[in-house]
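J.: Could you work out the structure for the sequence below:
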Amino acid sequence: MQTQTLIHSNYNMLKVTIVALGSIKESYFREAIEEYTKRLQAFVQLEIKELKDVSFSDKDNKDMVKAKEAETIIAAIPRDSYVIALDENGTQFTSEEFAKRIEAIKLQSSHVVFIIGGTLGLDPSVFEHINLKLSLSKNTLTHQMVRVFLLEQIYRIQMISSGKPYHY
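T.: Numbering: from 1, shown residues only. A predicted model of the protein is given here:
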């Protein structure tokens with residue numbers, strides 16, 4: 001498991017962990033992730049946990065693959081965190097609604113964890129460990145794009161919550 005951690009000395013910052021299956025290979029996605037990671041440094045303690053995904057072929061049992069991935073995901077969820085799984089059937093929010101939701105979550109927990117599944121989606125066992133199922137779009141997005149879009153939305157939330165000009 002690769003972990004990229006950015007930790008700051010301000011202990012009052014919200015800690016955000018993104019648990020994602022697979023690594024980002026495309027340089028343009030990596031550059032976007034690096035940009036939003038840099039922007040977020042002033043607002044949150046960000047950790048990105050890249051978990052090894054399970055390789056499979058058309059002959060493999062997809063449910064077994066998802067179950068194996070679920071074991072890895074569940075083991076990576078920090079204790080006492082508010083867990084949000086990204087799922088196409090999850091709740092959709094406007095950016096303003098999402099900012100309000102995160103502000104409310106901060107009253108319950110200082111650590112928010114976002115889970116991004118693999119190509120096959122998340123095994124039902126993962127949903128037993130979450131607080132919220134979130135959809136970023138009704139469109140199907142690649143998992144690489146989801147990571148970039150999620151980081152952008154986390155940054156947008158910080159701008160909305162702090163009253164800074166970014167979201168108009």
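J.: Tell me the buried residues in the longest helix seen in the chain?
T.: Secondary structure of the chain read by DSSP state H shows that its longest helix is helix 143-162. By neighbour count on 16 or more other C-beta atoms under 10 Å, the buried set for helix 143-162 is 143-160. Glycine gets a C-beta too; all of them are placed from N, C-alpha and C.
J.: just checking, what packs against it?
T.: When contacts are defined as 3 or more C-beta pairs under 8 Å, 6 or more residues apart in numbering; DSSP states H and E, helix 143-162 packs onto strand 14-21, helix 27-40, strand 44-51, helix 95-108, strand 111-116.
J.: Any chance of the ones you listed in CSV with mean pLDDT, distance to Ala75 and mean neighbour count as columns?
T.: As requested, the helices and strands packed on helix 143-162 are exported to CSV (pLDDT from 0 to 100; distance: least, C-beta to C-beta, whole Å; neighbours: other C-beta atoms under 10 Å):
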stretch, mean pLDDT, distance to Ala75, mean neighbour count
strand 14-21, 97, 10, 23
helix 27-40, 97, 23, 15
strand 44-51, 96, 9, 20
helix 95-108, 95, 23, 14
strand 111-116, 98, 12, 23
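J.: To Ala85, which of those lies closest?
T.: When these are compared by C-beta to C-beta, strand 111-116 sits nearest Ala85, at 4.4 Å.
J.: next SSE after that closest one?
T.: Proceeding N to C from strand 111-116, the next assigned helix or strand is helix 124-127, under DSSP states H and E.
J.: residues touching the residue nearest to Ser161 when sequence neighbours are not counted, list them.
T.: Spatial nearest neighbour of Ser161, excluding adjacent residues (C-beta to C-beta, 6 or more residues apart in numbering): Ala99 at 5.3 Å. The neighbourhood of Ala99, defined by C-beta atoms under 8 Å, 6 or more residues apart in numbering, consists of 156-157, 160-161.
J.: cutoff 6 Å now
T.: By C-beta atoms under 6 Å, 6 or more residues apart in numbering, Ala99 lies in contact with 157, 160-161.
J.: How about Ile18?
T.: If you count contacts by C-beta under 6 Å, 6+ apart, Ile18 has them with 48, 114.
J.: Give me the longest strand you can find in this protein.
T.: Longest strand in the chain by number of residues (criterion: DSSP state E): strand 82-91.
J.: ok, back up a step: how big is the angle separating the longest helix of the chain from helix 27-40?
T.: Taking axes from the mean of the first three to the mean of the last three C-alpha atoms, to 10 degrees, one finds helix 143-162 and helix 27-40 inclined to each other by 20 degrees.
J.: related to what we said a few turns ago, turn the contacts of Ala99 into TSV, columns for distance to Tyr28 and pLDDT.
T.: Below are the contacts of Ala99 laid out as TSV (distance: C-beta to C-beta, whole Å; pLDDT from 0 to 100):
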residue	distance to Tyr28	pLDDT
Ile157	24	95
Ile160	26	94
Ser161	28	92
